[in-house]
Structures are given as structure tokens and as C-alpha cells.
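> pasting the structure only:
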Ligand SMILES: [Zn+2]
């Protein structure tokens, strides 16, 4: 017996559904990002729950609708939504689902206080975001599209009107099992994970990914040391030693999780060494340093992600007393 019924024979392609455990299924939902898909989890047991929601695009709405339908559900069936973090590809449809189904929307307390605020206050925060990049050497010309891009991204997010906090250590019932709420900061300040100890199964979203290293960046409103946060998260995941993890992209399920955590720890250690060596040779601001860290040709917006990631590494070294920074009248210059 299969865990879910076969999809109906229609013209639409079959939803990409993977059984995870019991009544919990992973749906691959298309997103217009290089990763191609984001994982949305559906638990058909009561309360019917979605974990993450994808971006608000017609394709994503359709994919979720088809996924729900093939499990005998509809938008109205959803009773609870848990969002792992506020990034648009995970949070985008939360408000629409809340509106259509009356579902309660849950996030980690840290994310409600920080990242989730962005979707309500983005216009007020925008000048601060631009200032942050300019202060770290990004040329004015490379910021020309920044506000427009923020607006485009905002248009694909329907924030929930009310978000109920979860706290690290809480227990969440899912697929008839108890899951511990984890705080896994780094990729986002308030990134949430769910841990099922008996099955050693981690719902990790973007806290750990196969194939790509999750972006860990210092932004205008980030916690001060996102890389330090992320290295602790990786150590935590390594210590948990999950049998499997459900991941946000390139999944839905991966094994070899502790090994991947060690790889990512080594990757960031290498990055820190590269930065130490570069700054010992030449003082630089984060924008120029980002070309040392990410030498390949990047779009203007990807370069900003690269700057934020470079900055997370530079600030990590600064907060650990290994490098300094001085204001040159226009931007911060890091030196060793
Ligand atoms: Zn993501």
C-alpha cells in the first residue's frame, strides 16, 4: 500500500510528492530562483499542517493546490502553518493560506521579532539596507536596482496578519510524533528546525543543504555575528547526527547529514583562512574582499549576497579580535 493515492490523470504534471514518515509528505514546489524548487511539507494528520509555503507565484500556488489535492486535501483543510524562516521562498504564501483556511501561522519567537518584521517594515528599513552596503564599499551604481528588487520580492510575499511564536525546546506534534523545536541561526537569525529524536529525523530547511552552502550574510538588521551563529548551528547538527534531514532545496531528503555539516564547517574555515591571508597582505573593504572570496562573475544582486557573506566572515574575525576595521571617510576598511 502506498502512503498517498496516485495523482489524478489530468493535463497538469504530477505533483512531486515524497513520503517522509507516516502522514508527512514533502512536496517540491517550483520557485523562480536558481535552486528551482523549495520543499513544502504536508502533514495530513490532524491538525493538517504545512511546513513552509513557497513564494507567492501562480506556479507555486498551483503546485501546492495539486499536492494537497493528490492527498485528498484543499486549501481550506490546512489548520496550521509552521514557517522555518522569513525568507520569501519559505514564507511567501503564509498570509494567503491564513486567509483561505483560517490556519494559525507559527514561527520561532526570534524570527517574529526580527526577520519577519521586514515584510511589514521593509519600506522603512530600505534606506538602512542600502546604507549598510554603501558603508561596506558597494558602489552607488551597484545599488541602483536595490529598491526595485526589494519591491519585486515584497510583491511575492503575503505576510500573515498574525504569527504565533514557537520557542526553542517546545514540543510540536506532527505525523503522530513529538518533535523538538530547535533554534538553528545563521542562514536567518530566527531559523527554526524540528527534531524527531526517535527517528533521528531533522526538518532542517536551509540550515543545512546538499550541493550549495547556505548563504550566511551580515545584513543591516542581522544579529551581529551570523557566521558565529552558523558555525554553532553546524556543530549542533553534527552532534545530533541525524539519520536523515528534510532540506529546503535540492532535497527533499538528504542523508550523510553530520558529514555534510563537517564539510560546511571546513568550507567556512577555509574561507576564514583566505580572508586572514588577504587582509594581512592588503587592507580592503568588504566589497573588494568579496571578489577575493567570490571571484566569479556575478549579477549585481548576487554580488550583494556575496558582499553580505564576505562581511559575515570579516565580522567574525573582527569580533574574535583577529582583524580590525577603520572608517576611511566613505566605507569601513578591514585590516590585519
Ligand atoms: Zn530557501
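Ah, there it is. Predicted model, so just to flag it, every value in this text is computed and none were measured.
> ok, now which ones touch residue 335?
Counting by C-beta atoms under 8 Å, 6 or more residues apart in numbering, residue 335 touches 279, 283, 323, 324, 325, 326. C-betas here are computed from N, CA, C, even on glycine.
> identify the bridge partners of it.
Beta bridges link residue 335 to residue 324, judged by DSSP bridges.
> from residue 317, how far out is it?
Applying C-beta to C-beta, to the nearest Å, one obtains 11 Å for the distance of residue 335 from residue 317.
> what sits in contact with each of the two?
Shared contacts of residue 335 and residue 317 (C-beta under 8 Å, 6+ apart): 279, 323.
> any regions of the protein where pLDDT drops low?
1-14 (pLDDT under 70).
> which one (most neighbours) among the contacts of residue 335?
Among the contacts of residue 335, the one with the most neighbours (other C-beta atoms under 10 Å) is residue 279, at 22 neighbours.
> the strand or helix carrying that residue: which residues count as buried?
Following DSSP states H and E, one finds residue 279 within helix 257-281. Using 16 or more other C-beta atoms under 10 Å as the test for burial, helix 257-281 gives 257, 258, 260, 261, 264, 265, 268, 271, 272, 275, 278, 279.
> give me the packing partners of the next helix or strand after that helix, helices and strands only.
Proceeding N to C from helix 257-281, the next assigned helix or strand is helix 286-293, under DSSP H and E. If you count contacts as 3 or more C-beta pairs under 8 Å, 6 or more residues apart in numbering; DSSP states H and E, helix 286-293 packs onto helix 257-281, helix 300-319, strand 332-335.
> can you redo these as CSV with distance to the ion?
Written out in CSV, the entries for those read as follows (distance: least, C-beta to the ion, whole Å):
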stretch, distance to the ion
helix 257-281, 16
helix 300-319, 12
strand 332-335, 29
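> burial measure for the residue nearest to residue 36 when sequence neighbours are not counted, as a count.
For residue 36, ignoring the flanking residues on the chain, the nearest one in space by C-beta to C-beta, 6 or more residues apart in numbering is residue 30 at 6.7 Å. A count of nearby residues for residue 30, using other C-beta under 10 Å, gives 16.
> quick one: contacts for residue 30?
Counting by C-beta under 8 Å, 6+ apart, residue 30 touches 36, 37, 57, 59, 60, 63.
> of these, select the buried ones using a ChimeraX command.
Buried residues among those (16+ other C-beta under 10 Å), as a ChimeraX selection:
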select :37,57,60,63
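> rebuild the contacts of residue 30 as TSV, extending it with secondary structure.
Listed next are the contacts of residue 30 as TSV, based on DSSP: H, G, I helix; E, B strand; the rest coil:
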residue	secondary structure
36	coil
37	strand
57	coil
59	helix
60	helix
63	helix
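> the contacts of residue 30 into TSV, with extra columns for distance to residue 116?
TSV is the format used below for those (distance: C-beta to C-beta, whole Å):
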residue	distance to residue 116
36	25
37	23
57	20
59	24
60	19
63	24
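> what's the closest of the contacts of residue 30 to the ion?
residue 37 (10.0 Å; C-beta to the ion).
> which one is that closest one nearest to, not counting chain neighbours?
residue 28 (4.3 Å).
> in this protein, which residue is closest to the centre?
By C-alpha atoms, centre = their mean, the chain has its centre lying nearest to residue 206, at 4.6 Å.
> please name the residues that touch it.
84, 85, 87, 90, 187, 188, 191, 214, 247, 248, 249.
> excluding its backbone neighbours, what's nearest the third one?
Nearest residue to residue 87 in three dimensions, chain neighbours excluded: residue 188, at 6.2 Å (C-beta to C-beta, 6+ apart).
> so that neighbour touches residue 108, yeah?
No. Using C-beta atoms under 8 Å, residue 188 makes no contact with residue 108, being 9.3 Å away.
> hang on, the earlier thing: for the nearest residue to the residue nearest to the centre of the chain once chain neighbours are set aside, give its distance to residue 85.
Using C-beta to C-beta, 6+ apart and skipping residues adjacent in sequence, the residue nearest residue 206 is residue 248, 4.3 Å away. Distance of residue 248 to residue 85, computed by C-beta to C-beta: 9 Å.
> cool, residue 94 as well?
The separation that residue 94 has from residue 85, given C-beta to C-beta, amounts to 11 Å.
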